[in-house]
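everything below, folded, please.
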Amino acid sequence: EAPRARALLAQTSLAEYAALLERAALVLCNNTLPMHMGDAVGSPMVVLFAGTELEEQWRPRATPARLLRRPTPCQPCYLFRCPIGHPCLDIPPEEVAEAASLLLQNVGLSIEKGTQHIEH
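Next up, the predicted model:
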């Protein structure tokens, strides 16, 4: 378990959740409410997209973000149930970690220490 990571499912109000997202060094989410709220409050994020829609339609617009998707011939399918086993969700954890590390470097943070580096 990562000591600085938190799962907050059903533990906060929307206002509290937005405040927490605003303070987060990095938000890791799929393309749902946390992505939109994180974008609204300016949180850097790594977003995992399924093949059900086009990321150009729903991607974060105001914040630094890395978008991860596994290309499939059937995307965008707009289906909630996949008849071929969800190959679009096959994003390796190593790829997610690398995207997070690169994004944090781009915004001046360290993934190891969770601290901001100030350049003089």
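
quick check: which helices or strands does the helix or strand of the chain with the lowest mean pLDDT pack against?
When the helices and strands of the chain are compared on mean pLDDT, DSSP states H and E, helix 55-58 comes out lowest with a mean of 81. The contact analysis (3 or more Cβ pairs under 8 Å, 6 or more residues apart in numbering; DSSP states H and E) places helix 55-58 against strand 45-49. Every residue, glycine included, has its C-beta placed from N, CA and C.

re the thing from before, continuing past the least confident helix or strand of the chain, what's the next helix or strand?
Using DSSP states H and E, the helix or strand that follows helix 55-58 in sequence is strand 65-69.

so is residue 77 in a helix, a strand, or just coil?
Assigned by DSSP: H, G, I helix; E, B strand; the rest coil, the conformation of residue 77 is coil.

which stretches of this structure have low pLDDT?
Residues of the chain that meet the criterion pLDDT under 70 lie in 1-4, 9, 109-120.

remind me, longest helix of it?
The residue-count maximum for a helix in the chain (DSSP state H) belongs to helix 93-106.
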